[in-house]
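Undergrad: Below is the structure, and that's it, no one-letter string:
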């Protein structure tokens, strides 16, 4: 006799459910957008949900259908968030573009995605011109965000706001499988041409649930979350989904990420959790130290994107009284890989924390074979999980190995407590006299020197040794002597690792995603000229 088992309901894990949940259960919780002159715009989740639904109708009227890409070229604002949900809710794909790249670079990405509609912040319209003029597929450009003084002669340019008021019809949301694509983000291209990473509704939904765990980002309805992560990069670390999913207030800084603007916004909105790359927090720290500002509501700063120096971490925690959560991730991971829990009593800038459920790590040799000991041994880091890329946009071959492991390009080890420690990038290793020098290890040591902000070690060609290291530092307000910098390395690294030159820069060059731009450093200081 056969058994008839029960069944659970089919409930596709699609992203519009986050905003629908917020509209139903946290309707008055706010999305706040900073504007010039210290002004802010506010809207509740219920009202934002209604506007997003109407934007879907606007896009549908311009021919956007399920699976089509819609490009966005915009800052962290309410309008950009509305477009995200409008595009993804109707089953289209939100292709975020980085406005810090050139028109030609962006046009090459749009050619691949074949986006016919570009949603653009008004102050970026000249860049949108360049994209359209570079042979891309763009037919319609919809302008959002002030200033909106005048439209120029670019064919197909319209203000989105009047179209929202006039929108007719109801475009269904969620009428597609959870495995449908929802987002497209191109990597920064630091090791070659940028590659597109396609996110799915399921992968981003599961990624969001991981973020909300108590030992991950632990965002709740009481929180006021500052998203200083650009929305054009790597799902903005999942905050546009996690905040409405939990009913948290989402605070968006627009294009102003300087220390003064962020300090004012944090104080004015009572921000409890702030998320961004280390360079942003260095500017914030300089501002509060210079002005004597206090930020009493700020409890946690979540740092990712690039390594955080021990000295900067210590200064942030001491001056602001916050807990720093370090993390590691990649665009290809949606992007969270590991994070240090706020509940851990002793934290370290060197540690990137543990992986949450759904992310698996493996340490291998150069050929991808797992090391016999997965703890304390340094090797090449591979990862797999429910929100990890299998293959890049437009490619047929998987980028993973036969067992589904993605090579990250990072060198790493896992300590006895299970914390991931990134020890370097394989491409950054310096070969001197036939032996390898690890820049990351030197950067951490120099980064522990007080009054040092950002640190980088690059290789410079050498006739005798092949390559030799050069130390590049961005100082704080108090000058640091060469001897103090070298003392941080002496007796801690082999003598032949000691840098041949020290270069001081007023501002460290940064990539479009806020990381230290080692390509530029090598070009400027790596030739020996």
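TA: That came in fine, so what should we check first? Just so we're clear, the structure is a prediction, and the values are computed from it rather than from any experiment.
Undergrad: When you work out contacts or count neighbours from here on, use the C-alpha atoms and nothing else.
TA: OK.
Undergrad: so where's this structure shaky on pLDDT?
TA: 148-155, 188-192, 528-529 (pLDDT under 70).
Undergrad: longest single helix anywhere in it?
TA: helix 45-61 (DSSP state H).
Undergrad: what's it in contact with?
TA: The contact list for helix 45-61 (Cα atoms under 8 Å, 6 or more residues apart in numbering) reads 19-20, 22-24, 26-31, 82-83, 85-87, 89-90, 163-165, 167-171, 244.
Undergrad: quick one: that helix to chain centroid distance?
TA: A distance of 26 Å separates the centroid of the chain from that of helix 45-61, by Cα atoms, centre = their mean, to the nearest Å.
Undergrad: How about stretch 401-418?
TA: That offset, for stretch 401-418, works out to 20 Å (Cα atoms, centre = their mean).
Undergrad: Pull out the buried residues from it.
TA: 404, 405, 406, 407, 408, 410, 411, 412, 413, 414, 415 (16 or more other Cα atoms under 10 Å).
Undergrad: correct me, but the last one touches residue 373?
TA: No: taking Cα atoms under 8 Å as the definition, residue 415 is not a contact partner of residue 373, at 11.0 Å.
Undergrad: And the helices in the stretch 201-350 of the chain, which stretches?
TA: 201-211, 239-246, 259-269, 278-291, 310-320 (DSSP state H, counting those that start in this stretch).
Undergrad: by contact count, what packs against the second one?
TA: With contacts defined as 3 or more Cα pairs under 8 Å, 6 or more residues apart in numbering; DSSP states H and E, the secondary structure elements packing on helix 239-246 are helix 16-25, helix 201-211, strand 249-252.
Undergrad: Other residues contacting the last one?
TA: When you say that, I think you mean strand 249-252. So strand 249-252 is contacted by 29-34, 76-78, 221-228, 240, 243-244, 269, 271 (Cα under 8 Å, 6+ apart).
Undergrad: Assign the closest residue to residue 350 other than its chain neighbours to helix, strand or coil.
TA: In space, and not counting its chain neighbours, residue 350 is closest to residue 421: 6.2 Å by Cα to Cα, 6 or more residues apart in numbering. Three-state call for residue 421 (DSSP: H, G, I helix; E, B strand; the rest coil): strand.
Undergrad: quick one, what contacts residue 421?
TA: Here residue 421 is in contact with 350, 351, 352, 353, 412, 413, 414, 415 (Cα under 8 Å, 6+ apart).
Undergrad: between the residues you listed, which is nearest residue 378?
TA: Using Cα to Cα, residue 413 comes nearest to residue 378 of these, at 4.6 Å.
Undergrad: strands paired with the helix or strand hosting the closest one, and their directions?
TA: For residue 413, the host element (DSSP states H and E) is strand 406-414. Using DSSP bridges, the strands paired with strand 406-414 are strand 379-385 (antiparallel), strand 420-425 (antiparallel).
Undergrad: Give me the contacts around that strand.
TA: Outside strand 406-414, the residues that reach it (Cα under 8 Å, 6+ apart) are 363, 374-384, 388-390, 399-400, 420-427.
Undergrad: quick one, strands of the stretch 1-150 of the chain?
TA: 30-34, 40-44, 69-73, 93-96, 117-121, 140-144 (DSSP state E, counting those that start in this stretch).
Undergrad: my bad, should have said the stretch 351-500 of the chain
TA: Under DSSP E, counting those that start in this stretch, the stretch 351-500 of the chain gives strands at 359-364, 379-385, 406-414, 420-425, 430-432, 435-437, 452-462, 466-475.
Undergrad: so how far is the fifth one from its chain's centroid?
TA: Between the mean C-alpha location of strand 430-432 and the chain-wide mean there is a distance of 30 Å, by Cα atoms, centre = their mean.
Undergrad: Equivalent analysis for the fourth one, please.
TA: The offset between the C-alpha centroid of strand 420-425 and the centroid of the whole chain comes to 18 Å, using Cα atoms, centre = their mean.
Undergrad: ok and that strand relative to strand 359-364, angle-wise?
TA: Interaxial angle, strand 420-425 versus strand 359-364 (axes from the mean of the first three to the mean of the last three Cα atoms, to 10 degrees): 50 degrees.
Undergrad: Could you give me the buried positions within strand 420-425?
TA: 420, 421, 422, 423, 424, 425.
Undergrad: Now render the residues you listed as TSV, adding distance to residue 143.
TA: TSV is the format used below for those (distance: Cα to Cα, whole Å):
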residue	distance to residue 143
420	43
421	43
422	41
423	44
424	42
425	40
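Undergrad: Tell me how many other residues crowd residue 368.
TA: 17 (other Cα atoms under 10 Å).
Undergrad: and the gap between it and residue 382?
TA: Separation of residue 368 from residue 382 (Cα to Cα, to the nearest Å): 8 Å.
Undergrad: go on, residue 243?
TA: In terms of Cα to Cα, residue 243 sits 30 Å off from residue 382.
Undergrad: which of these two has more neighbours?
TA: Taking neighbours as other Cα under 10 Å, residue 243 and residue 382 compare with residue 243 leading, 28 against 23.
Undergrad: Report the separation between the residue nearest to residue 350 and residue 363.
TA: Using Cα to Cα, residue 421 is found at 11 Å from residue 363.
Undergrad: How about the contacts made by residue 16?
TA: Residues near residue 16 by Cα under 8 Å, 6+ apart: 85, 88, 89, 173, 174.
Undergrad: Go again with 7 Å.
TA: Residue 16 is in contact with 85, 89, 173, 174, counting by Cα atoms under 7 Å, 6 or more residues apart in numbering.
Undergrad: from those, which ones fall inside helices?
TA: Using DSSP H, the contacts of residue 16 in helices are 85, 89.
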